[in-house]
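J.: Predicted coordinates and the sequence they were generated for:
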Amino acid sequence: MRKLGYLALTTVALMSSNAMADTATGLLTVKATVVKSCAVNTPASGTASNAVIDFGQVTSFSQNVDASTSTAGGAKISVLCSNTTPWTVAFDNGQHVDGSQRRMAGGTSEFIPYDLYSDTGRITSIAAGTAYSGTGNGQVQSYDVFGRIPAGSTLPSPGVYVDTVTMTVTY
């Protein structure tokens with residue numbers, strides 16, 4: 001009788017250990033969809049900022065007055081596009097344009113004319129339309145814009161003169 005009891009106990013133990021060793025599998029799908037996108041003047045942090053050309057304090061226009069987005073604490077223009085996305089950035093003529101002449105306004109009736117360029121020698125003018133183009137690489141791409149107040153401009157009343165040029169990225 002002892003042998004039969006031992007055999008029954010062993011059979012029950014084997015059956016219960018096999019029941020615990022069974023497994024089943026399932027799948028987890030991890031997914032992201034990257035869509036074509038671009039932003040202008042948005043650093044990697046995602047915080048929008050304005051590019052700035054600051055001509056500083058001006059006392060005479062007897063010579064050209066030059067500045068760029070990287071002088072006097074200015075910020076370059078930046079484009080952030082998804083990888084492999086072709087883009088162009090177009091500039092308008094600003095809020096105070098007269099014909100095709102961009103102007104900074106101070107008060108209501110005085111203006112300072114200025115021009116924008118895409119090169120340090122100020123040869124390639126940025127007219128209204130496309131000035132920069134490229135292909136996104138998933139990282140911020142930064143560019144300088146160069147400004148000039150032409151010599152011979154009339155020196156207006158003291159004050160702060162400002163214009164805002166809208167940049168539009170097309171992708």
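T.: Perfect, I can see it now. Just so it is clear, the structure is predicted and the values come from calculations on it, not from any experiment.
J.: okay, and the helix or strand of the protein with the least pLDDT?
T.: helix 2-20 (a mean of 53; mean pLDDT, DSSP states H and E).
J.: list the helices and strands the very next helix or strand once past that one packs on?
T.: Note on helix 2-20: by DSSP states H and E, the next helix or strand toward the C-terminus is strand 38-40. Applying 3 or more C-beta pairs under 8 Å, 6 or more residues apart in numbering; DSSP states H and E, we find strand 38-40 packed against strand 77-81, strand 167-170. C-beta coordinates here come from the backbone N, C-alpha and C atoms, glycine included.
J.: what's the distance between residue 20 and residue 26?
T.: Going from residue 20 to residue 26 by C-beta to C-beta, to the nearest Å gives 19 Å.
J.: er, residue 51 actually
T.: The gap separating residue 51 from residue 26 is 51 Å, by C-beta to C-beta.
J.: which of the two has more neighbours?
T.: residue 51 (19 against 4; other C-beta atoms under 10 Å).
J.: Please tell me how far the residue nearest to that one when sequence neighbours are not counted sits from residue 58.
T.: Nearest non-adjacent residue to residue 51, counting by C-beta to C-beta, 6 or more residues apart in numbering: residue 77, 4.3 Å away. With distances taken as C-beta to C-beta, residue 77 is found 23 Å from residue 58.
J.: So these two - more neighbours on which side?
T.: More neighbours surround residue 77 than the other of residue 77 and residue 58, with 21 against 14 (other C-beta under 10 Å).
J.: right, and the more buried one touches residue 167 too?
T.: Yes - between residue 77 and residue 167 there is a contact under C-beta atoms under 8 Å: 6.4 Å.
J.: what do the two both touch?
T.: 40, 41, 51, 89 (C-beta atoms under 8 Å, 6 or more residues apart in numbering).
J.: give the contact list for the first one.
T.: Going by C-beta under 8 Å, 6+ apart, residue 40 touches 77, 78, 79, 80, 89, 167, 168, 169.
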